[in-house]
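**Q** Build me a structure from this.
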Amino acid sequence: MVADVKGILYLSEIAEMAHGSFYAGSLDEDVEIKTITTDSRIKASYSVFIALVGEKFDGHDYVDKAFENGAVCAVVERLPENKEGTYILVDDTKKALGMIAKAYKNKLSPLTVAVTGSVGKPTTKEFIYAVLSEKYKTLKTEGNFNNDIGLPMTLLGLSPENDAAVLEMGMSHFGEIEYLSKIASPNIAVITMIGRSHIENLGSREGIRDAKLEIRKGLQHDGILILNGDEPLLEDINGAIYVAEKNKFADYVIDNVIEGENGCAFDLLYNGERVESLTIPAVGRHNVMNAAFAFVVGIAAGVGEFEIRRGLMSFRNTGLRQNIYESHGKTIIADCYNAAPESVKASLKVLSDIAERKGTRKIAVLGDMKELGAYSAQAHVEVGTEVAANKIDVLFTFGMLAADIAAAASKYGVKNIFVFEEGEYREIAEAIKENTADGDVILFKGSRVMALEKVIELLD
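**A** Numbering: from 1, shown residues only. Here you go, the predicted model:
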C-alpha cells in the first residue's frame, strides 16, 4: 500500500510521531516526505518505507529494495548489521504506522465519521460521503482499506484541503475496532447493524455487538454515536442517537417507504417534524436505513436539508457492491464483495422485486458465507428457505457450504437447482449460459473469498 502525503510532513516529525529512535546517516532530518509506503516495489522519491511484519512475510527483507526505489528512510523493528541508510527504529512497525497516521490526522483535524456494522457499512459510508461532499471536501475509505493497515494509509492520504473524512472500520476479532477507533478519533460514529459475520471468532451476536461498540473507545469526548434503533441488542446505549423504521420511539423514524424500479423514497420523522420524500437512486428497502444514517450524520455535521437531499441523490455504489446493470440482454446484480445471512436475504429481496417489476425470471447464484462457525449450517439453510420464499426460478450454488442452501431450497419447492464446488468457475459459468435467457435477472452473491466476479467475467 502507498499513500501520497499531501500535507507538509518532515522526516523528523515522522520519527517523533512513531515514538522511534532516529538513525539519520547522512540525511537531513528536516527533509520533506512525499510518500509513505508499505510496498518496497513502489518507486517514489522522498518516500518512507514501513517494514511491516506478517505471518508469511517480513518487510525487513525488502528494505534494500525500497531504498533502490527512492525511499529515503525505513521504519524498522531491527537495524541491519551495516546500518547504511537512514532508519527509524520502533518496537512494532504496524503500531508505528497507526501512530504516524493518528498524529498526521490530528495535525490536519478534519471532521471524522467512522462507520462499522455487520451489514451495510460500505453502502452507508458511500451515502455519508455523498452527503458530506455537498459541504466539505471529503476523503473516504476506498475498497477494502478498512483494517489496521488500510485505515492508517487512508488517513495518510489526507490533504490540508480535506474538511472531512468518512472511514469504514472492519473487524473479525475483539480489539480491532477499538484500535482503529483510537487511531481515527472520530467526531461521529455509526453502527449500522449487528448480524452474524465473524460469529466464528466472536462467539455470539452479543459478542459481535460488544466488538462493534468498541468504536466508542476512540470517539471524541463530545462525539456523536448513531445506532440502529430496530436492533434490540443496541438498546439503551447512553447518549446514542437512534434511527429506526419499526421502533416508533427512535430519535429519527423512517416512514412511508416507496420502492421503485430505480430507487426508493421515504419520509423521516424527527423533532416533531416530517421531512417528506427523501429520494435515493438505490433499489432495496434495506438501503433506506443506510440513507437515513447519512441524513442524521449530515444534520450532525451542519449540512442543510437541501444539500442532504442533493447528496443522497448523488449517491453511487462502488465496485462489487450491488452493482446493477444490463449485459447481453440480462440484468446483472453483482454483489460479490461480501456475504452474511442478513445481506443475502436483502439481496434476494432486491432480485425478487426487480424481476417482478420486469415480469421476468429470478436467477440466484449464491456462494459460501464464510466465518459463521457453529452457525454456518443453520445460516445456509435459512438462506435456502429464503430462496424458496422469494420463488427463485433457478438457483446455482457455489462451494461446499452453499450446498446447504441448495438442499434447503429443494426441500421447500425450488425445482431448478445446480450445485458446484468451489473453484469450478468455468463449469458454473457454462451452466448459467445454458440455463438462462434474455430478460432474466441474475444475482451474484457470496463471501469475498468466493470471487464470484470471476463467474461474471466468464459470461462475457
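**Q** rest of the way, CA atoms for contacts and neighbours
**A** Will do.
**Q** Quick check: which ranges of this protein have low pLDDT?
**A** Across the chain, residues meeting the criterion (pLDDT under 70) sit at 25-27, 318-320.
**Q** which residue is nearest the middle of it?
**A** The centre of the chain sits closest to residue 122, judged by C-alpha atoms, centre = their mean, with a distance of 3.7 Å.
**Q** quick one: it and residue 168 touch, right?
**A** Yes: counting by C-alpha atoms under 8 Å, residue 168 is a contact partner of residue 122 at 6.8 Å.
**Q** Could I get the full set of helices for the stretch 151-300 of the chain?
**A** Taking DSSP state H, counting those that start in this stretch as the test, the helices found in the stretch 151-300 of the chain are 176-184, 199-202, 205-212, 286-300.
**Q** what about the ones you listed, which gets the closest to residue 16?
**A** helix 176-184 (16.0 Å; C-alpha to C-alpha).
**Q** For the closest one, which outside residues touch it?
**A** The contact list for helix 176-184 (C-alpha atoms under 8 Å, 6 or more residues apart in numbering) reads 98-99, 101-102, 105, 112, 114, 147-148, 151-152, 155, 169-171, 211-212, 214-219.
**Q** Let me know the next secondary structure element after the longest helix that the chain contains.
**A** For the chain, the helix with the greatest residue count under DSSP state H is helix 341-358. Using DSSP states H and E, the next helix or strand after helix 341-358 towards the C-terminus is strand 362-367.
**Q** Strand partners (parallel or antiparallel) of that next one?
**A** strand 394-398 (parallel), strand 441-445 (parallel) (DSSP bridges).
**Q** Point out the most buried one among those strands.
**A** strand 441-445 (a mean of 28; mean count of other C-alpha atoms under 10 Å).
**Q** and the following helix or strand past that one, which residues are buried?
**A** Counting by DSSP H and E, the next helix or strand C-terminal to strand 441-445 is helix 453-459. Using 16 or more other C-alpha atoms under 10 Å as the test for burial, helix 453-459 gives 453, 455.
**Q** Surely the residue nearest to the centre of the chain is within a helix?
**A** Yes: remark: residue 122 belongs to a helix, assigned using DSSP: H, G, I helix; E, B strand; the rest coil.
**Q** List the contacts of it.
**A** residue 168.
**Q** now do residue 174
**A** With C-alpha under 8 Å, 6+ apart, residue 174 has these contacts: 202, 211.
**Q** What about the nearest residue to residue 152 once chain neighbours are set aside, how many residues nearby?
**A** Computed as C-alpha to C-alpha, 6 or more residues apart in numbering, the closest residue to residue 152 that is not its neighbour in sequence is residue 101, at 5.1 Å. Look at residue 101: counted by other C-alpha atoms under 10 Å, it has 25 neighbours.
**Q** just checking, what packs against the host helix or strand of residue 101?
**A** Assigned by DSSP H and E, residue 101 falls within helix 93-108. Helix 93-108 is packed against helix 11-17, helix 150-155, helix 176-184, with contacts defined by 3 or more C-alpha pairs under 8 Å, 6 or more residues apart in numbering; DSSP states H and E.
**Q** let's see it at 10 Å
**A** helix 11-17, strand 47-50, strand 71-76, helix 150-155, helix 176-184 (3 or more C-alpha pairs under 10 Å, 6 or more residues apart in numbering; DSSP states H and E).
**Q** Nearest approach to residue 321 belongs to which of those?
**A** Nearest to residue 321, of all the helices and strands packed on helix 93-108, is helix 150-155, at 18.8 Å by C-alpha to C-alpha.
**Q** dump the residue contacts of residue 6.
**A** Counting by C-alpha atoms under 10 Å, 6 or more residues apart in numbering, residue 6 makes contact with 33, 34, 35, 156, 157, 158, 159, 160, 161.
**Q** The fourth one and residue 111, how far apart?
**A** What that stands for is residue 156. Going from residue 156 to residue 111 by C-alpha to C-alpha, to the nearest Å gives 15 Å.
**Q** ditto for the second one
**A** Taken as C-alpha to C-alpha, the spacing of residue 34 relative to residue 111 amounts to 23 Å.
**Q** Just name whatever secondary elements the helix or strand where residue 88 lies is in contact with.
**A** Assigned by DSSP H and E, residue 88 belongs to strand 87-89. Where contact means 3+ C-alpha pairs under 10 Å, 6+ apart, strand 87-89 is packed against helix 11-17, strand 21-23, strand 47-50, strand 71-76.
**Q** could you redo the last one with a cut-off of 7 Å?
**A** Helices and strands touching strand 87-89, by 3 or more C-alpha pairs under 7 Å, 6 or more residues apart in numbering; DSSP states H and E, are strand 21-23, strand 71-76.
**Q** Same list (these) but as JSON lines, adding mean neighbour count.
**A** Below are the helices and strands packed on strand 87-89 laid out as JSON lines (neighbours: other C-alpha atoms under 10 Å):
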{"stretch": "strand 21-23", "mean neighbour count": "17"}
{"stretch": "strand 71-76", "mean neighbour count": "26"}
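**Q** between those, which gets nearest to residue 241?
**A** Smallest distance to residue 241 across the helices and strands packed on strand 87-89 (C-alpha to C-alpha): 41.3 Å, for strand 71-76.
**Q** Spit out the contact partners of residue 281.
**A** By C-alpha atoms under 7 Å, 6 or more residues apart in numbering, the contact set of residue 281 is 262, 263, 264, 313, 315.
**Q** err, residue 12, not the other one
**A** By C-alpha under 7 Å, 6+ apart, the contact set of residue 12 is 29, 30.
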